[in-house]
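Asks: Sequence first, predicted model second:
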Amino acid sequence: MRLLALALRRLLWFVPTLLGLLVITFVISRVVPADPVALVAGETATPAQIEALRRDLGFDRPLPVQFVDYIARLARGDMGVSLFTRRPILDDLLQRLPATIELTVAAMVVSILIGIPLGVLSALWRNSAFDHALRILTVSGLAIAGFWLGIMLQLLFSMRLGWTPLNGRLPGYPPTHITGLYLVDAALTWDWATFGVALRHLALPAATLAFPALATLVRFTRAGVLDVMQSNFVLYERAMGLPRPLIVWKYILRSALTSTVTQIGLLLGILLAGAVVTEAVFDWPGIGTYAVSSIVLSDYNAIMGFTVWAGAIFIVVNLLVDLAQTLVDPRERAT
Amino acid sequence: MSTVWFVLTRLARDRSALIGLALIALLVLAAVAAPLLATHPDDVFELHPSERLRAPSSTHWLGTDRMGSDVYSRLLFGARITILIGLIAVGASLIIGVPIGLVAGYYHGWVSDALMRVSDIFLAVPQVVLAIAIAQTLGPSLPNVILALSVTYWPWFARVVYAETRAVQKEAFIESTAALGASPWRLTVLHVLPNIASPIIVRSSIGMGFTILTAAALGFLGLGPPPPTPEWGRTIAESREFLPDAWWYAAAPGLAIFLTVMGFNLLGDGLRDVLDPRLRRSPARDG
Amino acid sequence: MTHGRSRLAFVLVLLALAALVATPAVAQTRFVFANESPYDTLDPHAAFDVGRVAVRLNLYDGLYRWEDNPPKLEPWLAESHTVSPDGLTYTFKLRHGAKFHDGTEITAEDVRYSAERILAIKKGAASLLSTMIAPESTKAVDKYTVQFTLAKPAAIFLAVVPEIHVVNSALVKKHEKDGDWGQAWLTNNDAGSGSYQLTRYDPAIGFQARRFPDHFKGWGPKYIDEIDFRFVKEDNTRVLGMIKGDYQGTGGYLPNDQVKRLREAPNVKIVEQESMRIMMFQINNQRPPLNDMHVRRAISYAFDYDGFNKEILGGSVERNPVPIPNNMWGVPKDVKGYTYSLDKAKEELKQARARVDRPITVGYLQGFSQTEQAATVMANGLRKLGLETKMTSEVWPAMVERMKKPETSPDLVVYWISTYYADPNNWIGEMFNSKQWGTFKASSFYKNPKVDELLETALKTTDRAAREKAYQEAARIVVNEAAGVWIYNTKYFGPWAKNIEGIRFSPVGNGQEIRWLSYSK
C-alpha cells in the first residue's frame, strides 16, 4: 500500500518535473547568441526575408508565448520541425533512435554476459589473484575516459591490426529497413554479408561503451554475492551439508540477477551518458550525435525535442528504479 | 580529532587507498611544481613548427605535438587546469547541493518533494549533454566549463544529504531531545552535519574523478578552454589526425586522465570503506 | 569418338564466340568516392560550393562547362554564343537532340526556366546571377535559342554561366507545391540530363548513379558504369579506405601528413595539380583599432608564414601574398607582400595612432583543424608583440552568419576561398568591393572608393587587358593597406586508385567529373 502511495506521488510529479526540464532547456536554447533563423534563410537572404521567415516560424513572439505554444503542440504530439533538416523532429529522432538502441543494447548485452559471471566468480574466489586482477579492471573501468578508450581501441584494432573498420555503422547503404537495427534487419532479410559488416562496425563502439558498465556490474554483482554468501540462511544450508554448487545456483545466482535488475537503471544512465561521447568518437549516427549537433547548430526545436524524449525516459527510469529499490531494501520503505 | 586519527590509521592499512592517495599527490605535485618540473616550460605558449611530431627522446620525454611543443611539459601544466576545474566544480556543487539536501530532508510535504524533483530535473538528462548545452551556449572557456559542471553535479550531493537527513531524523534521540524542548532545526543540523560528513567526503572524492572525466569530455568535443591551453581532453582531440604514427601524442594525456581519476576513485573507495561500513553492504545506494 | 570430339569443339567455338561478343560491353565497373561534406541536397540550384560539386557535374549539364587546368570554358549544352555590341545581350544556340534522363529533349524553355528558378529560390549562384540578370528578363527565343539580357555589362557573366544547370522544367513543374519551384521534390530527386542518372539517395550517406547511355557527349569504349559518392567525415577513414581499396577517389585537400601516407600506398596514386584555393585571415577593417592601417600591417608581419606553410603543412602549399591566386591572371607579379618579421611589426605598431588595448578575437572553424592551427600560429605571433588574443570558434554556417555584419564578425577570421568560377572577381572582387558587405567573402568590411571604382570597371568591360590592369592596381592598393592576411594558395593532391585513368582536373570541379574516367585494367 505504501508502495502504491509512493508510486502515485512520484507519478504526480512526472509532469511538473518534465515541464521544469523543458523550461530550463527552453531558456538555455534561446539564450544562444547565434541566430538560427538567419542561418536557415540562407547565405543570400536579405534582412526583410529573414524577418519574414522569423514570423513564419513564430520566433518573433515573446518567449513565454512561444513556450506555451510549444507545450500546447507537444500535448498533441507535435514536436515541431527541425530548422535544418526541415523534417519533423519526431521523424528525425525516430530515424536516429535505432542506432543508439543498437549500440546501447549491444553494450548492455556484452556487459551483462561478461560482467555477471566475472562478478560471481570473483566473489566465490574472494581475495584470490583473479579477484585482485578483476578489482584493478573494475577500478580502471570507471577511471578511463570513454573517448580515450575508443581512440586507443581504434588505434590498435583498426589502424595497426586492420581487424575492424574505423567508424560508422556501415560503409554504404543499409539493409532493407524493418526495424532500423541493422543487425536485426540484415538477419531478417537473410543478408548475412551485411550482418557481418555491421557486426564488425559495432564491435569497437560497443566495447568502448560497455567497459564502464561492465566494471560497475562486476563490482555490484560481487558485493551482492558476498552479501548473500554471508547471509544466515546460506550459512545454515552449508552447515546442513548442502553441496556448494547447489547453493551457488539456488541463492547466489538468483541474488546476482536480482541485483542486476536493480542496477539496470544505473547501467542505463551510464550507457546513455557514455553513448554521447562514444557516438562522437565513432561517428555513430545516433541520438547522441543528434543532440550535440542540434546544440552546436542552435536548432531550437531539435534541442527541445531531444530533451523531451531523453527527459521523459530518464524520469520514468528513475521512478522505476526507486520503486524497485524500495521493494528490495526495507529500510528505504520507511522513508 | 580522535576520529580523524582513527580514520587515517584505518586508511593507512588499505593498500589501494594509499595508492590512490599517492596518485593524487603526484597530480598535485605536477600541478604545483609544473614550472620547475617541466623541461620546456615556455611550451605552454611557444611554438616550434620545425620540431613537430617528434617521437619521445632524451630532449622531449614524451615527444612533441603538432606545433612542436613538448608534450610532457604541456601535460604538467594541464594538471593545473584539471585540478582547478575539479576543485571549483565539486566545491560549488557541494555549496549548492548540501543546503538543498538539508532543507529537503528536514521538511516533509510538497517543499521537500519540489526540491527533490528539481534535482530530478537535472538528473533527467545525462550530465554530459546538459554540460555541452551550457558550454556551447556560453562559449568555450574555462569558467564556463566549471559553471556547466557545477550546475549539473550538485544533485548528487543533494540526494545523499537528503537521505542522511531523513535517516537521522528517525533516530530516537532526535525525537526525545525535541520533546525536551530543543529547537528541531538546530537539532537536525547539529546532529545531521557530523553524520553527513562521511558521505559528503566520499562523494567529493568520487565526484572529483567524475567531474574530471566530464571536463575532459567537454575539452575533447572542443567546448573547453580554447587553444593553446594544454587541457588534457583537447590535446587528445588534437592528436587524432596524427594517428597511428604519433601515438604518444594521444596516449600520454589519456594516461594522465586515467591515473588522476583512478587516484580519486581509489581514495574515495577507501574512505567509503573506512567511514561508513554500513554503506559497504548496500551497494545500490551510490552512483 | 570423332562425334564427341567435334561436338566438344563446336561447344568451345560457341563459347569463344560468346566471349568475343560479350567483351565490347565493359563488365560492370563501379567507382566509389569518399567526400568530406554531406550531400544534403540534390537540388543543383541550392548549392554552389565545391564540397558538393559532384551532384552538379555528374547529374546535370550547363550551357558551358569549365574544364582542365588552367580552366577553359568548353561548349556543353550550348554550341556557341554571341554577345551584342553593347555587351547587354547574350544569345546561346543550343545543340539539337540532347535529352533529359526521362527521354524528353532539352529546349531553350528548360534553360529559361532554370535561370528563373535560380533567381527565384535565391540560393547557390543566385547571389552572383541576380546582380547581372533580373527575373523575367531571360527569353526562349525559339526552341534552341535562349537569350539573356543584362542590366549592365558584366565581364563575369560568361564565367558564371556554367552554374546555370539545366533542369527538366516539365518534370519539376509537375512536382511544384505551394509555389516552392519544386524544391521539396528536387532535393531528393533527379531532373537532369547529365552523364549519370540517379539510382539511390540518402542525405546521410550519399548518392548513387548509373551511366546515362544517351548523353549528348557520347561515350568512348571505356567508362564507369556506376558511381557512388559517399559522405565520409573523418580524414583518417577516407585515407584508410583509399589504402584498403574501398574508395577509388577522395578530396584532394588532405593534410600533408595524410598525403604522405597515401603516396606510400601501393594501389593509390597522387595527382598533383596547381589549384586555386586561397587561405587567408580576413581582418575586420571597420572595428577599431583594426581600422588603423599600421595595426593591420603589424598583424601581417606577425604571422609565421614559413613556419606554417613549410613546416606545419610540409611545403605542400605555396605562399600567396595577394588576394588573387598566384596562377590566376590579374596578379601584380612585382608585389612581394608581407613576411614574418617581428621587428617590422613593432615598427608599424609605433607608427599607429590607435592603441591596441583589448584582446583581439581570432575566429576559426570548428571541425577544420588547419584553421585552428593557423589561428594558434597567429595568436602566438601577436602574443610576441605584446598583444592579447581571444580565440573563438564556430561551425561554418554559424561563422558565415557572424560575418554578415561588422558588429558581430570577429577581428580576424581564417578560412579558404575556393574557385567558384575562374575569374579574379571570385576573390579580390567579391572580397573588397564595398557593395559585397554581408557576404561571407567580404568579411573584411573594407571600403575604399578607389578600389571600388577599379573593381567595378573590371566587372563592366570585357577587355581582358583592361581588366587585368584594374585588378593588378586594386591588388596593389589592398596589399599596401594590409586589408587582410593572405597565407597560401593550395595545391591539389588528389588521391586516386592507381588503375583509374582519364582524370580531368579543373579547380572548379576538382576532378569529380566521372564521365572521363575508366579503369586501365
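Replies: Now that the structure is in, tell me what you want to look at. Numbering: from 1, shown residues only, chains lettered A, B, ... in the order given.
Asks: which ones are touching the residue in the stretch 51-200 of chain B positioned nearest to chain A?
Replies: Closest approach between the stretch 51-200 of chain B and chain A, counting by CB to the nearest CB: B:P126, at 3.7 Å. Using the backbone N, CA and C atoms, a C-beta is placed for each residue, glycine as well. Contacts for B:P126 were tallied using CB atoms under 8 Å, 6 or more residues apart in numbering or on different chains; they are A:G269, A:L272, A:A273, A:V276, A:A310.
Asks: Most neighbours out of the residues you listed, which is it?
Replies: Greatest neighbour count in the contacts of B:P126, by other CB atoms under 10 Å in any protein chain shown, goes to A:V276: 25 neighbours.
Asks: what's the helix or strand for the spatially closest residue to that one that is not a sequence neighbour?
Replies: Take A:V276 and drop its neighbours on the chain: the residue closest to it by CB to CB, 6 or more residues apart in numbering or on different chains is A:G288, 3.8 Å away. According to DSSP states H and E, A:G288 maps onto helix A:287-297.
Asks: What distance do you get for the spatially closest residue to B:L130 that is not a sequence neighbour to chain C?
Replies: With sequence-adjacent residues excluded and distances taken as CB to CB, 6+ apart, B:L130 is closest to B:T152, at 4.8 Å. As for B:T152, its distance to chain C is 22 Å (criterion: CB to the nearest CB, to the nearest Å).
Asks: Would you confirm that B:T152 contacts B:V129?
Replies: No: B:T152 sits out of contact with B:V129 when judged by CB atoms under 8 Å, with a separation of 9.1 Å.
Asks: Inside helices: which ones of the contacts of B:P126?
Replies: A:G269, A:L272, A:A273, A:V276, A:A310 (DSSP state H).
Asks: And the helices in the stretch 151-287 of chain B?
Replies: B:172-179, B:184-220, B:232-239, B:247-275, B:277-281 (DSSP state H, counting those that start in this stretch).
Asks: oh, I was asking about the stretch 1-150 of chain B
Replies: Taking DSSP H, counting those that start in this stretch as the criterion, the stretch 1-150 of chain B carries its helices at B:2-12, B:15-32, B:34-37, B:71-106, B:110-124, B:127-138, B:142-170.
Asks: helices or strands next to the third one in the packing?
Replies: Okay, so that is helix B:34-37. helix B:71-106 (3 or more CB pairs under 8 Å, 6 or more residues apart in numbering or on different chains; DSSP states H and E).
Asks: Could I get the average pLDDT for the helix it packs on?
Replies: If you average the pLDDT over helix B:71-106, you get 92.
Asks: Remind me what that helix packs against, helices and strands.
Replies: Using 3+ CB pairs under 8 Å, 6+ apart, helix B:71-106 sits against helix B:15-32, helix B:34-37, helix B:110-124, helix B:142-170, helix B:184-220, helix B:232-239, helix B:247-275.
Asks: list the contacts for B:V129?
Replies: A:A273, A:V276, A:A291, A:V292, A:A310.
Asks: Pipe the residues you listed into TSV and attach pLDDT and distance to A:V316 per row.
Replies: Output for the contacts of B:V129, formatted as TSV (pLDDT from 0 to 100; distance: CB to CB, whole Å):
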residue	pLDDT	distance to A:V316
A:A273	80	17
A:V276	88	19
A:A291	83	18
A:V292	81	23
A:A310	77	11
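Asks: which of the residues you listed lies closest to chain B?
Replies: A:A273 (3.7 Å).
Asks: So that closest one is in contact with B:V125, correct?
Replies: No: the pair A:A273 / B:V125 is not scored as a contact, 9.2 Å apart, by CB under 8 Å.
Asks: wait, does stretch C:261-270 contact chain A?
Replies: No: contact between stretch C:261-270 and chain A is absent, the nearest approach being 10.6 Å (criterion: CB under 8 Å from any CB of the partner chain).
Asks: which one of the contacts of B:P126 sits closest to A:H201?
Replies: For the contacts of B:P126, the residue nearest A:H201 by CB to CB is A:V276; the value is 18.6 Å.
Asks: how much space between the closest one and chain C?
Replies: From A:V276 over to chain C (counting by CB to the nearest CB), the distance is 17 Å.
Asks: Please look at that residue and A:S293 and confirm they touch.
Replies: No: in this structure, A:V276 is not within contact of A:S293 by CB under 8 Å, at 11.2 Å.
Asks: and the residue nearest to B:L130, what does it touch?
Replies: Contacts of B:T152 by CB under 8 Å, 6+ apart are B:F122, B:Q127, B:L130, B:A131, B:I134, B:T214.
Asks: quick one: low-confidence parts of chain C?
Replies: For chain C, the stretches with pLDDT under 70 are C:1-28, C:521.
Asks: swap the cut-off to 50 and go again
Replies: In the predicted model of chain C, residues C:1, C:19-27 satisfy pLDDT under 50.
Asks: picking that back up, tell me the most buried of the helices of the stretch 1-150 of chain B?
Replies: Highest mean neighbour count of the helices of the stretch 1-150 of chain B: helix B:127-138, a mean of 24 (counted as mean count of other CB atoms under 10 Å in any protein chain shown).
Asks: ok, now how distant is the residue of the stretch 151-287 of chain B found nearest chain C from B:N144?
Replies: At 3.9 Å from chain C, B:P226 is the closest residue in the stretch 151-287 of chain B, using CB to the nearest CB. With distances taken as CB to CB, to the nearest Å, B:P226 is found 11 Å from B:N144.
Asks: State the distance from the closest residue to C:S443 other than its chain neighbours to C:I360.
Replies: Spatial nearest neighbour of C:S443, excluding adjacent residues (CB to CB, 6+ apart): C:M403 at 3.7 Å. Note on C:M403: its distance to C:I360, by CB to CB, is 16 Å.
Asks: Taking the contacts of B:P126 together, which two end up most distant?
Replies: A:G269 and A:V276 (12.1 Å).
Asks: pLDDT of the helix or strand containing A:T104, averaged?
Replies: Element membership of A:T104, judged by DSSP H and E, is helix A:89-124. Average pLDDT, helix A:89-124: 88.
Asks: What are the buried residues along that helix?
Replies: A:89-90, A:92-93, A:95-104, A:106-108, A:110-112, A:115-116, A:118-124 (16 or more other CB atoms under 10 Å in any protein chain shown).
Asks: quick one, whichever helix or strand comes after it and helix A:89-124 angle?
Replies: Per DSSP H and E, the first helix or strand lying C-terminal to helix A:89-124 is helix A:129-143. In terms of direction (axes from the mean of the first three to the mean of the last three CA atoms, to 10 degrees), helix A:129-143 departs from helix A:89-124 by 150 degrees.
Asks: tell me what helix A:129-143 is packed against?
Replies: helix A:89-124, helix A:192-229, helix B:184-220, helix B:247-275.
Asks: Could you check how far the first one is from the centre of its chain?
Replies: Same thing as helix A:89-124. How far helix A:89-124 lies from its chain's middle: 8 Å, per CA atoms, centre = their mean, to the nearest Å.
Asks: looking just at contacts, which helices and strands does that helix meet?
Replies: Helix A:89-124 packs on helix A:129-143, helix A:192-229, helix A:254-282, helix A:287-297, helix A:300-328, going by 3+ CB pairs under 8 Å, 6+ apart.
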